[in-house]
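Engineer: this one's structure only:
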C-alpha cells in the first residue's frame, strides 16, 4: 500500500513514512493510492471478530510494511487500556443503537485511535533510533487522548494547544493535570480554529519541521482516521445477526470531518451503509455544505458541545479529493481559494454527489439539551452533548427501514454541567476522574501567534 497527498506533490510513501510525515510536505493530507474493497464473504468473516482482531484485519490492509506479529502487539497493547471487554460496545436504547466509544483512558472516542498511534510512534522511533516532538491542536478531547497515548515515553515530547476557556472544565483538567516531563500544555488566547491554523503553519515550515522532528497527532495524521474506520465495521458486526448482515445507517456528531470521513471510507471499502448522517451543532459549516453546497466561514459560536465548536474542518480536504475525482491540482486551487475568500462553490453535479454520500442536520443548543432530557426520560440513558447532537439527527433523518447506529463520542461526565442542566442530575464520575480537580496542574497561556508558539517549542523541544 502506497500513500499520496491530496495536493499531488507527494506520492509513493509507505505506511510508516505516511505516519511519520503527518501533514504532507506539500501542505496536503495523505490518503492511500487505492482503497481495498471487501466482498460479502469477507464481510461475513469480519462480523463476529473481537475488536483487536478486527482492527488487525482492517489496518493490516493499509499497513503492509509492519510485520503481522508487531502490528498485533501494538493493537493488543492499545486496547488493553480500555475498561470494557468489547472496547466499543453497542447498546440498543429508545429505538436507536448507541456505539459507545468512551471506554478508553480519557473517556472519549479519540482514545480508540490515539492509544494505537502513541504505541505506533514509539515503535517507529525505536526502530529508527530517533526522537520526536509532537505538535497538535485540540477542541477538547484530542489533547487529553494524545497526552495519554504518549505521556512518559522517553523519545517523545508532546505540545498540545487548546483554546483558553473554551473547553469543558473536565477536558481542561484531563490535559493540565498530566505533569510528566515530556508533556507541554499551551492554552492559546483564541479559538480551536486558531490553534489548528498555527499547527498547519508550523508544519508548513519544512526547515522547522525537520529540525525538530515534528510529528502530527491530530486527525491530519492518516493513522488516526484509519483506526477510526474499524469501529464502523465492529458496530455493523455487532448487530448483523438480528439485521441479517444488511444495511445500516450511522449518525455521526462531527466538527472536523474526521470521524464521518472514516465512515465514508468504510462504505467505500464495502460496508453496507445506507445513510451517513452528518450532525453538527450551531457551528454548521459542514451541514450547510451538505444541504446547500455552502462551504463558507462563519464566526465560531460557543455551545455545550465544545469539541464541535469548529468552522474550518481539517479533514474536509480528504473528501474534497474524492469529490474532485482525484484531481490534486483542483484541490490545491480550491484550498488556495478558501484561504483567500473563506468560501467554496460547487457544481450541481458535485452537490448531487454530496447528497448521495451524506445527509446532514444542524442541532442548536436548545435541541441538544432537550434531547439529553428526553432520552433520559424515555430510557434512563444519559447522553453527553455531542452524542445528543448525533441522536437528534438520527431521530430526525434516520431511515426507519434500517437500524441507525449513533456514535457516542464522549462519556457524559466530561460535560457534567450541560448534562445536569438538561437532565436535572449530574452524571456519576468514573474512577479515572475522582479527585482530578485536586491534582497539580501545569499549563502555559500564550497568544494565538505562530511565532510565539514556535519560540516556545524551540525552547522545550527534544
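Structural biologist: Arrived safely. The shown structure was predicted, so the numbers you read here are calculated from the model rather than taken from an experiment.

Engineer: Every contact and neighbour count from this point should use C-alpha atoms.
Structural biologist: Noted.

Engineer: So, low pLDDT: which residues of the chain?
Structural biologist: Counting by pLDDT under 70, the chain contains no low-confidence range.

Engineer: Quick check: longest helix in it by residues?
Structural biologist: helix 110-128 (DSSP state H).

Engineer: tell me which residues in that helix are buried?
Structural biologist: 110-122, 124-125 (16 or more other Cα atoms under 10 Å).

Engineer: for stretch 29-49, same thing?
Structural biologist: Quick answer for stretch 29-49 (16+ other Cα under 10 Å): 29, 30, 31, 32, 43, 46, 47, 48, 49.

Engineer: Okay, and which of those residues map to helices?
Structural biologist: Per DSSP H, the subset of those in helices is 43, 46.

Engineer: Would you convert the buried residues of stretch 29-49 into JSON lines that also reports distance to residue 308?
Structural biologist: As requested, those are exported to JSON lines (distance: Cα to Cα, whole Å):
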{"residue": "29", "distance to residue 308": "21"}
{"residue": "30", "distance to residue 308": "23"}
{"residue": "31", "distance to residue 308": "24"}
{"residue": "32", "distance to residue 308": "27"}
{"residue": "43", "distance to residue 308": "32"}
{"residue": "46", "distance to residue 308": "32"}
{"residue": "47", "distance to residue 308": "31"}
{"residue": "48", "distance to residue 308": "33"}
{"residue": "49", "distance to residue 308": "32"}
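
Engineer: wait, which of the buried residues of stretch 29-49 is closest to residue 69?
Structural biologist: residue 49 (17.6 Å; Cα to Cα).

Engineer: Settle this for me: residue 218 is touching residue 137, isn't it.
Structural biologist: Yes: the pair residue 218 and residue 137 qualifies as a contact (Cα atoms under 8 Å) at a distance of 6.9 Å.

Engineer: and the helix or strand that contains residue 340, how far out from the chain's middle?
Structural biologist: Using DSSP states H and E, residue 340 maps to helix 328-341. With Cα atoms, centre = their mean, to the nearest Å as the basis, helix 328-341 stands 23 Å off its chain's centre.

Engineer: Could you point out the helix or strand that follows that helix?
Structural biologist: In N-to-C order, the element after helix 328-341 by DSSP H and E is strand 343-344.

Engineer: what packs against whatever helix or strand comes next after that following strand?
Structural biologist: Per DSSP H and E, the first helix or strand lying C-terminal to strand 343-344 is helix 348-357. Other elements packing on helix 348-357 under the criterion 3 or more Cα pairs under 8 Å, 6 or more residues apart in numbering; DSSP states H and E are helix 285-292, helix 316-323.

Engineer: Looking at those, which one is packed in the most?
Structural biologist: Most buried of those, by mean neighbour count (mean count of other Cα atoms under 10 Å): helix 285-292, with a mean of 21.

Engineer: so how far is that one off the chain centroid?
Structural biologist: Using Cα atoms, centre = their mean, the offset of helix 285-292 from its chain centre is 19 Å.

Engineer: same deal with stretch 114-123?
Structural biologist: With Cα atoms, centre = their mean, you get 15 Å for stretch 114-123.

Engineer: what's the answer for stretch 314-333, then?
Structural biologist: That offset, for stretch 314-333, works out to 19 Å (Cα atoms, centre = their mean).

Engineer: what residues does that stretch touch?
Structural biologist: 5-8, 28-31, 219-220, 256-258, 261, 335, 350, 353-354 (Cα atoms under 8 Å, 6 or more residues apart in numbering).

Engineer: Any quick PyMOL command for the buried ones out of the residues you listed?
Structural biologist: Typed into PyMOL, the next command selects the buried ones out of these (criterion: 16+ other Cα under 10 Å):
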select buried, resi 5+6+7+8+28+29+30+31+219+220+256+257+258+261+335+354
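
Engineer: Please narrow the contacts of stretch 314-333 to those residing in strands.
Structural biologist: Among these, the ones falling in strands (DSSP state E) are 5, 30, 31.

Engineer: my guess is the second one meets residue 24, correct?
Structural biologist: Yes: taking Cα under 8 Å as the contact criterion, residue 30 and residue 24 are neighbours in contact, 6.1 Å apart.

Engineer: Report the set of residues contacting both of those two.
Structural biologist: Joint contacts of residue 30 and residue 24 (Cα under 8 Å, 6+ apart) are 5, 18.

Engineer: and of the buried residues of stretch 29-49, the nearest to residue 393?
Structural biologist: The closest of the buried residues of stretch 29-49, once distances to residue 393 are taken by Cα to Cα, is residue 47, at 26.3 Å.

Engineer: How much space separates the closest residue to that closest one other than its chain neighbours from residue 230?
Structural biologist: Excluding the flanking residues, the one nearest residue 47 by Cα to Cα, 6 or more residues apart in numbering is residue 237, at 3.9 Å. Residue 237 sits 11 Å away from residue 230, going by Cα to Cα, to the nearest Å.
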